[in-house]
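Trainee: Structure for this input, please:
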Amino acid sequence: MNRELITVIDQIGREKGIDKARIIGAVESALQTAAKKRFGQGENIQVQMDTKTGEISVISLRTIVETVTNPKAEVSLNEARRIDTEAEIGDEIGSLIEMDELGRIAAQTAKQVICQKVREAEWEAVLKEYSTRQGDLINGIIMGQERRNYLVDLGKTEAVLPASEQIPRETYRRGDRIKAYLLEVRKTPKDVQVILSRTHPQFVSKLFEVEVPEISEKIVEIKGVVREPGDRTKIAVSSRDKAVDPVGACVGIKGSRVQAVVRELRGEKIDIIAWTSDPRVFIAEALNPASIEKVGIDEEKKSALVVVADSQLSLAIGKNGQNVRLAAKLTGWKIDIISATEYEKEKVERDREIKAALAEEAEAQREQDEARAQQEAATASASEASSAL
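Mentor: Model (predicted):
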């Protein structure tokens, strides 16, 4: 039986990734708790397990004293010397407790404590391993669904893909393989939860990192990612090497690299944009796939006015304003878009307003000059009259 216990401990250690010594410590602690429950808390009981044979020793320790006042914790010198002839006052002497004496209830207590300790050790192992992988791309297998949340087998533990982190209209079956972004490792009083996401913008970044060697090698840098999961993503990239085209590197030969990411995202559109420090150029690029004619910016308000051909207006704005909304998030600028025709009308109107303002200003200046002249004439007349007197 004892060897079987060691075999079980070895198996648990391998399957759960828990140190064997930790499990043995949990067993010893559990048996100690059970023994104290059986014989009383006043007992000084120690439990030791042989790590090779699995032999368990339960020992009740008592202190040798001249006068015994607490029989559970103390023993007289005469009685102690019957066991050990060299015993002295102040020493501790132990007596073996037979495992059968622990009783059925104590054994159940031991089992519960062992299970709890193993669970705690398992949680710590999960927390230690997966907290360091937070923000990484992770692979798993769908185990099932619970309240719209998918349960994912990661090998050493289970993870949760919440409904809020699922790409819209995306469904899975039991046994399907899945890639996801490790969003969070959350410790609760009951367990450790590993939370996954397929909607996080960094999920797209990690997918490109896998498909594009230049990104993993730090030659191409991802400057920003914005997305509306299931519909469209915009990703801005730059290159540290002038000889490497960042957009071309991400697209790949015949679009092979970007298409691999698109397939993983179930057809989500991806716009790859060359990042630049010039806000006018960056804003124009961010509104891809629309062609831009002019970009005017107000740096103080951090707003931009974009002019596009009439035929490009709906494309620049996008369905329900999606394209311009994502471009604004990516660039950090407030973007207003108008058609070339509207811009020309506004320009004519602005010119008319400017001319009217200039004419009004000229008229006001003329009236002001006339009033000044009349004032000067009146002053001169008054001066002549005064001299005549």
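Trainee: is it true that Ile59 lies in a helix?
Mentor: No - under DSSP: H, G, I helix; E, B strand; the rest coil, Ile59 falls outside any helix and is assigned strand.
Trainee: The nearest residue to it once chain neighbours are set aside and Arg173: what is the separation?
Mentor: Spatial nearest neighbour of Ile59, excluding adjacent residues (C-beta to C-beta, 6 or more residues apart in numbering): Gly94 at 4.1 Å. (Glycine included, C-beta is placed from N, CA and C.) Remark: distance between Gly94 and Arg173 (C-beta to C-beta, to the nearest Å) = 60 Å.
Trainee: try Lys218
Mentor: 38 Å.
Trainee: How about Ala328?
Mentor: On the measure of C-beta to C-beta, Ala328 and Arg173 end up 38 Å apart.
Trainee: quick one: which of these two has more around it?
Mentor: A direct count of neighbours by other C-beta atoms under 10 Å for Ala328 and Arg173 places Ala328 higher, at 20 against 8.
Trainee: which non-adjacent residue is nearest that one?
Mentor: That would be Ile335: by C-beta to C-beta, 6+ apart, it lies 4.9 Å from Ala328.
Trainee: same question, Ser95
Mentor: Nearest non-adjacent residue to Ser95 (C-beta to C-beta, 6+ apart): Ser60, at 5.3 Å.
Trainee: so that neighbour makes contact with Glu98?
Mentor: No - using C-beta atoms under 8 Å, Ser60 is not in contact with Glu98, being 11.1 Å away.
Trainee: Neighbour count: these two, which is higher?
Mentor: More crowded of Ser60 and Glu98, by other C-beta under 10 Å: Ser60, with 18 against 7.
Trainee: Bridged to that one, which residues?
Mentor: Ile45, Ser95 (DSSP bridges).
Trainee: Now the phi/psi pair for Thr51, please.
Mentor: phi -70, psi -20 (degrees, to the nearest 10).
Trainee: Next up, the contacts around the residue nearest to it when sequence neighbours are not counted.
Mentor: In space, not counting the residues next to it along the chain, Thr51 is nearest to Ile24; the distance is 6.2 Å by C-beta to C-beta, 6+ apart. Taking C-beta atoms under 8 Å, 6 or more residues apart in numbering as the criterion, Ile24 is in contact with 9, 49, 51.
Trainee: Kindly report the same for Ile142.
Mentor: Ile142 touches 150-153, 172-178, counting by C-beta under 8 Å, 6+ apart.
Trainee: Return the list of strands paired to the helix or strand harbouring it, each annotated with direction.
Mentor: For Ile142, the host element (DSSP states H and E) is strand 137-146. Applying DSSP bridges, strand 137-146 is found paired with strand 149-153 (antiparallel), strand 177-187 (antiparallel).
Trainee: CA atoms of the very next helix or strand once past the longest one as CSV?
Mentor: Later in the chain than strand 177-187, the nearest helix or strand by DSSP H and E is strand 192-197. The C-alpha trace of strand 192-197 is given here as CSV (Å, rounded to 0.1, in the frame of the first residue of the first chain):
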residue,chain,number,x,y,z
VAL,A,192,-6.7,30.2,-10.5
GLN,A,193,-8.4,31.3,-13.8
VAL,A,194,-6.5,31.7,-17.1
ILE,A,195,-8.5,34.1,-19.3
LEU,A,196,-8.0,34.0,-23.1
SER,A,197,-9.0,36.6,-25.8
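Trainee: how about the helices in the chain?
Mentor: 2-16, 20-39, 77-83, 103-131, 201-211, 213-216, 246-251, 256-264, 279-286, 313-317, 322-331, 340-388 (DSSP state H).
Trainee: Going by neighbour count, list what's buried in the shortest one.
Mentor: Buried residues in helix 213-216, counted by 16 or more other C-beta atoms under 10 Å: 214-215.
Trainee: Residues in contact with that helix: which ones?
Mentor: Taking C-beta under 8 Å, 6+ apart as the rule, helix 213-216 contacts 208-210, 220-222, 237, 239, 244, 246, 249-250.
Trainee: Between its first and last residues, what's the separation in stretch 51-67?
Mentor: End-to-end distance for stretch 51-67, by C-alpha to C-alpha, to the nearest Å: 39 Å.
Trainee: Distance from the chain centre to it, please.
Mentor: 50 Å (C-alpha atoms, centre = their mean, to the nearest Å).
Trainee: for stretch 318-328, same thing?
Mentor: 25 Å.
Trainee: So for that stretch, what gets flagged as buried?
Mentor: Buried-residue list, stretch 318-328, by 16+ other C-beta under 10 Å: 318, 323-328.
Trainee: Mean confidence (pLDDT) on that stretch, please.
Mentor: Stretch 318-328 shows a mean pLDDT of 94.
Trainee: about what we covered before: take the buried residues of stretch 318-328 and write them to CSV, including distance to Ala304.
Mentor: Formatted as CSV, these follow (distance: C-beta to C-beta, whole Å):
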residue, distance to Ala304
Gly318, 16
Asn323, 14
Val324, 10
Arg325, 14
Leu326, 15
Ala327, 10
Ala328, 9
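Trainee: Return the member of those nearest to Glu184.
Mentor: Taking C-beta to C-beta as the measure, Glu184 lies nearest Leu326 of the buried residues of stretch 318-328, at 24.9 Å.
Trainee: Could you double-check that that closest one sits in contact with Val226?
Mentor: Yes - counting by C-beta under 8 Å, Val226 is a contact partner of Leu326 at 5.1 Å.
Trainee: Give me the common contacts of those two.
Mentor: 233-234.
Trainee: Phi and psi next, for Lys302.
Mentor: phi 50, psi 50.
Trainee: What separation is there between it and Pro279?
Mentor: Applying C-beta to C-beta to Lys302 and Pro279 gives a distance of 9 Å.
Trainee: between these two, which one's more packed in?
Mentor: When Lys302 and Pro279 are compared for neighbours, Pro279 comes out ahead with 17 against 12, by other C-beta under 10 Å.
Trainee: Fine by me, we can end here.
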